[in-house]
Structure formats: structure tokens, C-alpha cells
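Asker: Pasting the sequence and the predicted coordinates here, then a few questions.
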Number of protein chains: 6
Amino acid sequence: MVMHPPDQEHTDDQMIKVEVNLDDTPGEWLGYVMDKLFEAGANDVYYTPIYMKKNRPAVQLQLLCSKNHLEKMKEILLLETTTLGIRYYPLSVYRMERRMRTVDTKWGTITVKEGLLEGEVVKVSPEYEDCRMLAEKHQVPLKQIYETVWGLLGNAY
Amino acid sequence: MVMHPPDQEHTDDQMIKVEVNLDDTPGEWLGYVMDKLFEAGANDVYYTPIYMKKNRPAVQLQLLCSKNHLEKMKEILLLETTTLGIRYYPLSVYRMERRMRTVDTKWGTITVKEGLLEGEVVKVSPEYEDCRMLAEKHQVPLKQIYETVWGLLGNAY
Amino acid sequence: MVMHPPDQEHTDDQMIKVEVNLDDTPGEWLGYVMDKLFEAGANDVYYTPIYMKKNRPAVQLQLLCSKNHLEKMKEILLLETTTLGIRYYPLSVYRMERRMRTVDTKWGTITVKEGLLEGEVVKVSPEYEDCRMLAEKHQVPLKQIYETVWGLLGNAY
Amino acid sequence: MVMHPPDQEHTDDQMIKVEVNLDDTPGEWLGYVMDKLFEAGANDVYYTPIYMKKNRPAVQLQLLCSKNHLEKMKEILLLETTTLGIRYYPLSVYRMERRMRTVDTKWGTITVKEGLLEGEVVKVSPEYEDCRMLAEKHQVPLKQIYETVWGLLGNAY
Amino acid sequence: MVMHPPDQEHTDDQMIKVEVNLDDTPGEWLGYVMDKLFEAGANDVYYTPIYMKKNRPAVQLQLLCSKNHLEKMKEILLLETTTLGIRYYPLSVYRMERRMRTVDTKWGTITVKEGLLEGEVVKVSPEYEDCRMLAEKHQVPLKQIYETVWGLLGNAY
Amino acid sequence: MVMHPPDQEHTDDQMIKVEVNLDDTPGEWLGYVMDKLFEAGANDVYYTPIYMKKNRPAVQLQLLCSKNHLEKMKEILLLETTTLGIRYYPLSVYRMERRMRTVDTKWGTITVKEGLLEGEVVKVSPEYEDCRMLAEKHQVPLKQIYETVWGLLGNAY
């Protein structure tokens, strides 16, 4: 596997999507399973509502990971859910060039992730955890923090 | 409670909607629970995917029943699911005038439910179980049976 | 019914929620039905995925309207979908004080809806149709238009 | 309002369901909003996927609270989301008799919530947070902890 | 790439599925994005409700396109949504033989798409836009137009 | 194709995922279609709610089958639904070692499926059909049967 510096534009062909259908795992366990999979190196984990045979509302777990994390993901899924198997297939992931900067607000400093296309900033995304912490500390609506950051970044384009 | 003959247009003000959120009942049990509720007199039972706290994909059970079935529904929900409570509220149900007729196809006779508005047929609905049985008996696509019935009913309007 | 000027804070107790479960209406018709209901005066119409008996993925149509629109809604639902009945119940709608203003961008003028709580602006919302038209006319990403407006409004708080 | 001791069987007629449709609030804010609503006294908060006009995938927030929490809930929803209004209606909540007990496992003690119907235990539910903490502390699958507790409780019936 | 005449049965191995998870794009933008993707040559675009980390209700955008449209799709997704990357994988698309015919109703002519399997018509599908236009012009329920066409086509089998 | 004895741990690389988007098939037909696909050899069939163009709530059918069942699946989908095409791609399925055992309860004998990882039982799953039959025969809640089996299996770990 070739290592890409994480902030350059690149396409990663060593990624795997894993899917598991769960019709007998209580929903209560699934938040926990998600945390375990992220801790073990999953790039993304998410749930989709599905309907299975015998009138069963169920959940599909999907996760993205690099090929070399597959064994670890499989082990967690087999130990923590009720499934007896998993399925998977390779896919390609394109990631645009990105860089971090900071913005100063009256409540504190917030990191912003920028996405660049052909050298131009086309996307600015305030970091959720920074905004959340300032919202809680200063008892300000989270929405107001985001909108203030967008206001300060308004000349980015 | 005033009894309405079931096929006249009427509005029923004695109906109840019951809701239960389930984040620790395995989906596997829920098809069974649905059957039990219908057998005990529910007018309708259905599931909606919901997302609850702590990242839990979950299921909302909703059911419609007349007020005098509420106690029976409550008992089934408490015994067959993991919930510790139920919630409910009254609603009104309007039902249009309806009548049954039959249609002869080359595979056999099919019952059709007609809906009438101000004395005029505005809706014709082949009975699913009749269509399904003929489809299986004659090894014909279910879709073809429905479309044939719609063809024969095409002059209904 | 008491008429409220539409832009003052008020609570409307003359609203109705209507629900219909649809397991035999093709999805293809439902976008059309939504348009018809809005044209006839519905305040909101939306769809929820549900699972019904006999392993049927289905759709629940919900709509909000004032009491005096109920008859018209009922007629459309009975004529345009396959349902033989509808159910409904009253609810209260609280609406905050709102007012319109405009913002000038380099692409043109955009109307913004402001929401006020105790006389203070807590919400600014660019009108979608204005943004969409300018995005199409100038071949600019819609996202860029919104973010520019938020930037210009950044001092609103 | 009459106060019920929380562990006796009772029906509470002072509850309210609040609903808000959100088609312009980013999903990223909604986990935060849920936390705020629970902290402010909501009995339950959950999200349902809906489809709104103009091809918009959206989210319906629903929450349950007692009547005397309604004003606080309204304030959070208006400050933290993009909505300009909320809707609500009363409902009844039945809660079965419940009591707490503990179970000792080889990893530690776990609290179990029991539900009683006519004086008989019909439901035993290990507390999620207890199970989660022991699972993390001892690096045991969460599922194994639950199943062990169910094993120890197997004679409850 | 080999060109297939669009109406012969064939399997196309030059197709790509693209997926993007969106937890910070407002739903309001997504109807617009769908239109842009179709205009730029997507074969299909659709949304699925998903649940992501940190209790976020979110949306997965999926699209199908031929390999030679991938670059254009990528550009739209990066400019019009908040995503910093996309993922994709190849798939095969089988398309059955199809041909168009017309049917005359009392309201006007409607195009019908027929699907053929081994030379036999197994599927007849009235064109939505034709039906919609006649429904609006003549103020007839859309459902009635479809059912009339199915009636006229009833002998197709 | 290499045949694996079904109960040994193995990875199967001859599996196919098939997808079909359905916006004009009534939900009423889809439970039937699911049964037909299972009877014809599908390993799994399930539905996901999707939103398609023109404001259409729709359904995605997904199925898993071995390569040599693909033709049969295609035929059923084309004859029983309204689709004019299907899409598919290969995937790998990992299945853990499994074995069957039985457990005796006071209501009768229940088969349990065990999943093994590196020779150790990490999963025990009571067979739904056994539990359902005993629940119905003895008029006991299905939940109670499952919990009793889990109690009896509590020492499995």
C-alpha cells in the first residue's frame, strides 16, 4: 500500500465496504458497536433502516475501512453483534485537498477545515467539537456559533 | 359507542392511536408481535424507523384500534416487547362507502373492493389474497393478474 | 376562527394533522399528490417510510391543514390515492414572529426571512427560490450563494 | 398536576408530543439538540426520516414532555434549530409498575429494571450504562455481559 | 466503450455507483443537487436515510453513471455539497429489450413503454409526464388516467 | 465453484448483490416478490426506503445470491416487478463456523445455532420458528421463551 499524506488530493484504491444485516441485535447495543468500530480504525460507520423477511424491521450496518483493518472489523462484528457472517467488497475513495485554519470569534478560536479544488477553496467547514465546546461553555446556541463563523468566513470566496 | 354498518360512509370518533418506541427489542420478535396485535383486533399495525439517544437505531410501533380494544393491546405490548409503557391519543377515522364485487379472469374469480364517493365508484382494488392464490396456483406473475383485473375493470369509470 | 396577521407570534388551535397509510399506491403518483395537496391549501405535506403487514414496504402520507381545508384534502386523497379512508386529529401550531428583509449580493438581491423571539432576531433564513434562481442564472454553486448570504448577515447577531 | 411516585403503575394525562420538521438544519447539529432537550427535561426525543416538498430528504424531530416543560422545549427548538414554529398535541402515557434490583456477575454488579404486571415480573432489563462500563473495564463484549445477566435472571419467571 | 442501441437487451459493464454520506448539508440543497446531477448525465440519483456517529440523522446520496461521466459527477458533488470526498465502485447493469408505443384515451394520446423478455411483452408502463399533463389539463385524477390506460392495454398479455 | 460444507468457517467469493429501485411497484406486491426470490434460492432479500426524483418515495430491493442463481433472480424481478433493468456486483461473504444443538425447556425442545470463533462459542441463537411454535402452542409470550433459553444457555460462556 502506498501512503498518501492525508491532506493532498488522492484516490485510495485500498478501501473496503463491509455490510451486515441485523434483525436480532437490540438497537441498544448498536451505539456501542459503532464506538468500538471507530476506535479500532474504521473510517466511517453508519446504519440504514431495512425491512427483512417475516415482517422484521431491521438495521444494516455499513462500514468503510482500509483493507488492512478488515480482520479487526470482522472480529468486533462477530463478537459484539448477533451476526454469523459479514460481506464486503472493494471500492475507491477520492479525497480532495484539504487544509486546516483557525478563526477567532468573541467566544474563542475555532478550527475550520477547508477543501480545495484545483488550488481554490470551495468549502469551509467549522469543526463540530470546537463549536460544541464553546456553545456549552458560553451558553450560546450552537447554531449561532456556526453562523458567526460563516459570517467571518464570508469573504473566503 | 354507536355501531356503523361497515360499508356505509362514516366517521368513527372512537379510535385510538397507540405508539411505542423500541430500542431493545430484537427485530426478529416484531413480525410476531404484529401478528398478535392483528389477531387481537387491531385495525392497523405498522413500524417506522427512528433514531434514539446514544446512537441507537430503533423502531416505533404504531397501532390503530377502537377504544374498547386498548386494554388488550396494552397487555400484548407489555408482555411481548421490552417496553415499560405505552402512549396513546384519540383520533377520528373517516371511511368512504365501499362494496364488494367479483371479476372473472381466465385463472379464476377475484373479489374487488370498490370505493364510492357521492354514489360514484372512484376506486377499484383487487383483493390481494385472491390474486396471490391464483398467481401461485397457475404460476403466473402476480403483477399480470392485477393488470388483467385492471384491464377488465377499465370501463368502470 | 380568529384571523392572525401571519407575521405576529401566535398559537393556532384550528389545525389538523391528517394521516394515510399507502401500501398499494405506486410511488410515481405520490409526488403529484403532494403538489395537488399544496395547491389546495395544505400547510405541509410529507412522507415517512413505514413497514406494514405481509412484508410490505409502504409510505405514510402526513399533512397539516387548517380545519376548514379538511374536506378538500379528504377529497384529493380519496380521488388520487388508493386509500379507502383517512384519519386525523387536532393539534396546536405555535409560530414565532417573523419578518422579511433583503440582502444584496454580487449576483442579485435575495429575500431573507427573519425569526424573532422576544423582539430579538434569532434566525435568518435565505429564501430558497431566490438562491436557486441566482445559482442557475450565474452558474454558481447554490451552496456558495447561501454561504455568501450568511457571510453578509454575520453581524445580525 | 397530580404527582405520581415514579414506580407505581399509573397513567399520566399531562404529557405533550411536540413535532418539528427540519429540512434546512444540518444533521450535525441534531445530536447536540437532542442532548440539550434531554438536559432540559424531555422524557424522550427521537428522529424520523421524512421526505418533504422539492425533493428534500429531511428529518422530523419528535419529543415527549410534561405540559410544564413545553415552554422550555419551545425555546430550545427555536434557538438551536432553523424552524420558525412547532406543533404539539396532548397524549396519555401509561407506565407499568417497575422496581430496581441488582445482579452480581464475575465482572461486577449490574442494576436491573423489572417491570410488573398485576404484581408479577414480566420484564427484566439490565441497565445499559452498567453493562457498558463493565464491558469497557474488562474488555468483554457487551453482548456477553447482557447474555450473562439474562442467564442469571433465567429463573425470574 | 461499446455503444449499445438503447432499446436492445444488453448488459452494460461500464457503469459506476457513487456514494456520499452527508451529515452537514441542509436537506433544502439536496433537491437542487439531484437536478444538477441528472442534467449532467447521471442515470439515476436517489437518497437513503442513514444514522451517523454522534446521533446524527443524515442522508446518503447514491448515483449511477457511466464511467465517462464520473469526473463531472465528482465536480458537482464537491462544489454543491459539503462533502470532502466521494467513493465509488463499478457494477453491471442489465437492461431488457424495450420499445415505445402509444395509446389513445378520451383525454389524449399517451406513450407507453413496453418491456420484452424473449420477444414477449411482459411489462407496459404509461409515461408519467404524459399522464400528468393530461390529468392537469382535464382536471381528472392521475390515478384514473393510469387505470384507464391499463384498461386499454388489458389485452396486451 | 468450490463447494464448502456449510458449517465450516469459509469465505465465499462467488456471491452477487443485485439492486433494483422501484418507484412504480405497489408495496402490496413486494412481500410476494420477496417470497418468490427466497424460494428460488436467494440467500437474503431486503428493502430499503429511498427517495427518487420528482418527489417519489420509493423502495430499493437488494438481494444476495450465488452467481449461478443470478439468471433466475433476474427473471423473477423482470416478471414480478415494474423494473426494466437490474444492476449487480460481486462481493465476498465470510461465514463463521457454526453448529446446531438443542435445549430443553418446560414447553418443549428448541434448536439453537452456535457460532464459533477459533473453536470457541461466541454466539448462541435460538431458532425463531421453534420459539414461535412453542409460544403459540402454549400461549406464552415469545419474549419469555427466548429469555428462558438464554437463561438455560447462560453457562455457555
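Answerer: Ah, there it is.
Asker: Assign the nearest residue to A:C65 once chain neighbours are set aside to helix, strand or coil.
Answerer: Spatial nearest neighbour of A:C65, excluding adjacent residues (Cβ to Cβ, 6 or more residues apart in numbering or on different chains): A:A42 at 5.0 Å. For the C-beta atoms, the positions are set from N, CA and C on the backbone; glycine is no exception. With DSSP: H, G, I helix; E, B strand; the rest coil as the basis, A:A42 sits in coil.
Asker: Quick check, A:A42 in contact with A:H69.
Answerer: Yes. Assessed by Cβ atoms under 8 Å, A:A42 is found in contact with A:H69 at 7.0 Å.
Asker: Need the phi and psi values for A:E118.
Answerer: phi 50, psi 40 (degrees, to the nearest 10).
Asker: Which residues are in contact with A:Y88?
Answerer: A:I16, A:K17, A:V18, A:E19, A:L70, F:L91, F:S92, F:Y94 (Cβ atoms under 8 Å, 6 or more residues apart in numbering or on different chains).
Asker: buried stuff in the helix of greatest length in chain A?
Answerer: If you go by DSSP state H, chain A has its longest helix at helix A:27-39. Residues A:G27, A:E28, A:W29, A:L30, A:G31, A:Y32, A:V33, A:M34, A:D35, A:K36, A:L37 are the ones in helix A:27-39 that count as buried (16 or more other Cβ atoms under 10 Å in any protein chain shown).
Asker: Looking at these, which one is closest to F:V103?
Answerer: Nearest to F:V103 among the buried residues of helix A:27-39: A:W29, at 22.7 Å, using Cβ to Cβ.
Asker: quick one: which helix or strand includes A:T148?
Answerer: helix A:142-152 (DSSP states H and E).
Asker: burial of A:R95, as a residue count?
Answerer: Using other Cβ atoms under 10 Å in any protein chain shown, the number of residues around A:R95 comes to 19.
Asker: now the helices for chain A?
Answerer: A:27-39, A:70-80, A:128-138, A:142-152.
Asker: Of all those, which one comes closest to chain E?
Answerer: helix A:27-39 (6.3 Å; Cβ to the nearest Cβ).
Asker: which residues make contact with that closest one from outside it?
Answerer: Contacts for helix A:27-39 (Cβ under 8 Å, 6+ apart): A:22, A:25, A:45, A:47, A:59, A:61, A:63, A:73, A:76-77, A:80-81, B:22-24, B:52, B:54-59, D:128, D:132, D:135, D:142-143, D:146, E:53.
Asker: List, one by one, the residues from chain A near chain F.
Answerer: Contact residues, chain A versus chain F (Cβ under 8 Å from any Cβ of the partner chain): A:21, A:24, A:48-54, A:58, A:60, A:74-75, A:78-79, A:82, A:84-89.
Asker: near chain E at all, the helix holding A:T148?
Answerer: No. Helix A:142-152 lies out of reach of chain E by Cβ under 8 Å from any Cβ, never closer than 9.4 Å.
Asker: what packs against that helix?
Answerer: strand A:97-105, strand A:108-117, strand A:120-126, helix A:128-138, helix C:142-152, helix D:27-39, helix D:70-80 (3 or more Cβ pairs under 8 Å, 6 or more residues apart in numbering or on different chains; DSSP states H and E).
Asker: Quick one: list the elements packing against the shortest one.
Answerer: Same thing as strand A:120-126. Using 3+ Cβ pairs under 8 Å, 6+ apart, strand A:120-126 sits against strand A:108-117, helix A:142-152, helix E:70-80.
Asker: Just put the helices of chain A in TSV and tack on mean pLDDT and distance to C:Q8.
Answerer: TSV is the format used below for the helices of chain A (pLDDT from 0 to 100; distance: least, Cβ to Cβ, whole Å):
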stretch	mean pLDDT	distance to C:Q8
helix A:27-39	97	42
helix A:70-80	97	54
helix A:128-138	97	30
helix A:142-152	90	23
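Asker: For F:M100, find the nearest of those.
Answerer: Closest approach to F:M100 among the helices of chain A (Cβ to Cβ): helix A:70-80, 18.1 Å.
Asker: Tell me the buried residues in the closest one?
Answerer: A:L70, A:M73, A:K74, A:I76, A:L77, A:L78, A:L79, A:E80.
Asker: Just name the closest of those residues to F:K113, please.
Answerer: A:L78 (13.6 Å).
Asker: right, and that closest one touches F:L117 too?
Answerer: Yes. Counting by Cβ under 8 Å, A:L78 touches F:L117, with 5.8 Å between them.
Asker: shared neighbours, those two?
Answerer: F:M96.
Asker: For the residue in chain A sticking out farthest from the centre, which non-adjacent residue is closest in space?
Answerer: Note on chain A: the largest C-alpha distance from the chain mean falls to A:K54, namely 32.6 Å (Cα atoms, centre = their mean). Nearest residue to A:K54 in three dimensions, chain neighbours excluded: B:G31, at 4.4 Å (Cβ to Cβ, 6+ apart).
Asker: Same list (the helices of chain A) but as TSV, adding distance to B:D12.
Answerer: Below are the helices of chain A laid out as TSV (distance: least, Cβ to Cβ, whole Å):
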stretch	distance to B:D12
helix A:27-39	34
helix A:70-80	47
helix A:128-138	48
helix A:142-152	43
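Asker: right, so of those helices, which gets closest to F:T111?
Answerer: Here helix A:70-80 is closest among those (Cβ to Cβ), at 20.7 Å.
Asker: do the closest one and chain D meet?
Answerer: Yes. With Cβ under 8 Å from any Cβ as the measure, helix A:70-80 is seen reaching chain D through A:L79, A:E80.
Asker: so what does that helix touch, helix or strand wise?
Answerer: Helix A:70-80 packs on strand A:10-22, helix A:27-39, strand A:56-66, strand A:85-95, helix D:142-152, strand F:108-117, strand F:120-126, going by 3+ Cβ pairs under 8 Å, 6+ apart.
Asker: how about CSV for the ones you listed, with distance to F:H10 added?
Answerer: Below are the helices and strands packed on helix A:70-80 laid out as CSV (distance: least, Cβ to Cβ, whole Å):
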stretch, distance to F:H10
strand A:10-22, 17
helix A:27-39, 23
strand A:56-66, 21
strand A:85-95, 10
helix D:142-152, 23
strand F:108-117, 13
strand F:120-126, 17
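Asker: and of the ones you listed, who's closest to E:T109?
Answerer: strand A:56-66 (43.8 Å).
Asker: now that closest one: how far from the chain's centre is it?
Answerer: 14 Å (Cα atoms, centre = their mean, to the nearest Å).
Asker: in its sheet, what does that strand sit against?
Answerer: strand A:10-22 (antiparallel), strand A:44-52 (antiparallel) (DSSP bridges).
Asker: Could I have the CA atoms of it written out in CSV?
Answerer: Extracted in CSV, the C-alpha atoms of strand A:56-66 (Å, rounded to 0.1, in the frame of the first residue of the first chain):
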residue,chain,number,x,y,z
ARG,A,56,-38.9,-7.7,10.6
PRO,A,57,-37.8,-4.1,10.8
ALA,A,58,-34.0,-4.4,10.9
VAL,A,59,-30.8,-2.4,10.6
GLN,A,60,-28.0,-2.6,8.1
LEU,A,61,-24.6,-1.7,9.5
GLN,A,62,-22.2,-0.4,6.9
LEU,A,63,-18.6,0.5,7.5
LEU,A,64,-15.6,1.7,5.4
CYS,A,65,-12.1,0.7,6.3
SER,A,66,-8.8,0.1,4.7
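Asker: which residue sits closest to the residue positioned nearest the centre of chain A in space, ignoring its chain neighbours?
Answerer: Among the residues of chain A, the one closest to the centroid is A:D44, at 4.5 Å (Cα atoms, centre = their mean). Spatially, and ignoring its direct neighbours in sequence, A:D44 is nearest to A:L64 (4.5 Å; Cβ to Cβ, 6+ apart).
Asker: do A:V149 as well
Answerer: Nearest to A:V149 is A:P126, by Cβ to Cβ, 6+ apart, at 4.5 Å.
Asker: doesn't A:K143 make contact with the one you found?
Answerer: No. A:P126 lies out of contact with A:K143 (Cβ under 8 Å); the separation is 11.5 Å.
Asker: What's the separation between A:D130 and E:T83?
Answerer: Using Cβ to Cβ, to the nearest Å, one gets 20 Å for the distance from A:D130 to E:T83.
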